[in-house]
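**Student:** Return a 3D structure for these sequence lines:
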Amino acid sequence: MVTSGMAFLDRIPGDFVYGYPPERHDPYEQVFIGITGHTADAMCLRIIKEFGHILNFGSQSAVQSMLLSIAHQHVAGTLRDRYQISGRVYHLLMAVMSALKATQLTTSALLREAISMIDGRSSDCHFNVTSLAQSIGYSREHITRQFREATGVSVGDYITQHRLGVAAAILRRSDDKLDVVAGQSGFASANYLCRAFRKRYGITPDQFRRNPWIVTE
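**Tutor:** This is a model prediction of the structure:
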């Protein structure tokens with residue numbers, strides 16, 4: 001059964017059947033994308049082989065916002081050529097793989113604790129790699145090495161990306177001033193938030209606020 005935050009992946013035609021739990025009566029939005037081509041087919045088969053047909057990304061996944069972004073841009077007519085569309089779909093499939101691989105981190109008690117602490121404390125602008133290592137009782141070097149091997153990014157980059165995701169969510173739902181958004185998401189100042197946001201997404205927070213579906217994660 002597929003519920004909020006979940007997705008299913010299948011080849012068409014095929015015999016896979018999905019359903020929404022019969023006891024659930026709340027409304028939901030279903031967004032889907034049809035993908036063709038040998039490269040996309042091979043990637044989809046790899047995902048199905050490793051993770052199955054039903055994929056659980058959670059309610060705050062970058063995959064969810066990417067799907068919505070592509071759907072909004074398609075309706076608005078801003079995806080005008082096949083190269084642009086192919087790039088967006090490839091980016092989506094890479095995000096799917098990244099999100100699913102991240103779920104495997106729960107097999108490591110150390111990384112599970114580290115990610116949980118980042119989720120809980122990243123809004124504190126003083127929280128960093130050193131304080132993370134001290135809090136969970138490992139050396140900075142050890143946790144940095146373990147984290148990079150498992151995720152492909154440094155702990156510092158992961159913390160910044162997490163903070164930017166929080167900031168983007170706040171910008172989407174509120175009209176709070178940038179210094180307030182910065183404080184809520186763990187940046188020391190609005191200027192620091194703007195620099196990190198532009199470096200990551202290529203636009204300013206104000207530009208994003210005017211068109212929040214430009215950014216997909």
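
**Student:** C-alpha only now, for contacts and for neighbours.
**Tutor:** Fine.

**Student:** what's stretch 181-188 in contact with?
**Tutor:** Residues from elsewhere that reach stretch 181-188, judged by Cα atoms under 8 Å, 6 or more residues apart in numbering: 122-126, 163-164, 166-167, 170-171, 189-190, 193.

**Student:** The residues you listed into TSV, with extra columns for distance to residue 37?
**Tutor:** Listed next are those as TSV, based on distance: Cα to Cα, whole Å:
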residue	distance to residue 37
122	40
123	42
124	45
125	45
126	47
163	36
164	33
166	35
167	36
170	37
171	36
189	45
190	44
193	39
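
**Student:** for residue 127, phi and psi?
**Tutor:** According to degrees, to the nearest 10, the main-chain angles of residue 127 amount to phi -70, psi 130.

**Student:** residues contacting it?
**Tutor:** Applying Cα under 8 Å, 6+ apart, the residues near residue 127 are residue 121.

**Student:** just residue 162 next, same as before
**Tutor:** 119, 122.

**Student:** What residues sit buried inside whatever helix or strand it lives in?
**Tutor:** For residue 162, the host element (DSSP states H and E) is helix 155-173. For helix 155-173, burial by neighbour count (16 or more other Cα atoms under 10 Å) applies to 155, 158-171.

**Student:** now do stretch 181-194
**Tutor:** Residues 181, 182, 183, 184, 185, 186, 187, 188, 190, 193, 194 are the ones in stretch 181-194 that count as buried (16+ other Cα under 10 Å).

**Student:** Show me how this protein divides into domains.
**Tutor:** Using automatic domain parsing, the domain parsing of the chain gives 6-105, 108-210.

**Student:** Could you tell me the least trusted of those domains?
**Tutor:** Note on those: domain 6-105 shows the lowest mean pLDDT, a mean of 76.

**Student:** ok, the residue nearest the centre of the chain to residue 97 distance?
**Tutor:** Ranked by distance to the mean C-alpha position of the chain (Cα atoms, centre = their mean), the top residue is residue 62 at 2.4 Å. In this view, residue 62 and residue 97 are 11 Å apart by Cα to Cα, to the nearest Å.

**Student:** Now do the strands in the chain.
**Tutor:** Assigned by DSSP state E, the chain shows strands spanning 6-8, 54-56.

**Student:** strands paired with the first one, and their directions?
**Tutor:** Strand 6-8 has the following strand partners under DSSP bridges: strand 54-56 (antiparallel).

**Student:** And the partner strand, what's buried?
**Tutor:** Buried residues in strand 54-56, defined by neighbour count with 16+ other Cα under 10 Å: 55, 56.

**Student:** distance between it and the chain's centre?
**Tutor:** Remark: strand 54-56 is offset 15 Å from the chain centroid, using Cα atoms, centre = their mean, to the nearest Å.

**Student:** Since that was my last question, I'll sign off now.
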